[in-house]
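J.: pasted the sequence and its predicted model underneath.
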Amino acid sequence: MSTTKPVIAVVDDDPGILRGLKRLLDARGFATKTFQSGEEFLQGDEADKSACVILDIHMDGMSGIETRRALSARGSRAPVIFMTALETASARREAIDSGCAVFLEKPVSGQVLIETIQNATAIH
């Protein structure tokens, strides 16, 4: 029986968000990998190993939307949860059009995020 924890990738250019989400997700039994940019995330093989990806939409360099499109082009099937502090109708539409599983506005409660990950990935 495998005891491998599902890997949740968190991509956000805010180090405080990365630390907080890593603590939360690790405490709930996930293996959390954090990345400060879409470019950093796409350089390694974590994009192909992740059970779920949490992406900030507005980041320096490659945006979350661009990162999601690059994942799709690579054939990634991992569900993507977008989070943003700057929600606009156009950002929401772009996120949905890019194939996101869920769109959340920051700040989001820890319980809502955990439930969203579980629903998106069927991990319980």
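T.: That came through fine. Numbers count the residues shown, from 1 in each chain.
J.: show me what contacts the nearest residue to residue 67 once chain neighbours are set aside?
T.: Spatial nearest neighbour of residue 67, chain neighbours left out: residue 38 (3.3 Å); criterion: CB to CB, 6 or more residues apart in numbering. (C-beta placed from N, C-alpha, C; glycine too.) Applying CB atoms under 8 Å, 6 or more residues apart in numbering to residue 38 gives the contacts 11, 55, 59, 61, 62, 63, 64, 66, 67, 70.
J.: of these, buried ones?
T.: 11, 55, 59, 62, 63, 64, 66, 67, 70 (16 or more other CB atoms under 10 Å).
J.: list the residues that contact the second one.
T.: Pointing back at residue 55 there. The contact partners of residue 55, by CB under 8 Å, 6+ apart, come to 11, 12, 38, 64, 67, 68, 80, 81, 82, 83, 100.
J.: for the third one, grab phi and psi.
T.: So that's residue 38. With angles defined as degrees, to the nearest 10, residue 38 sits at phi -60, psi -40.
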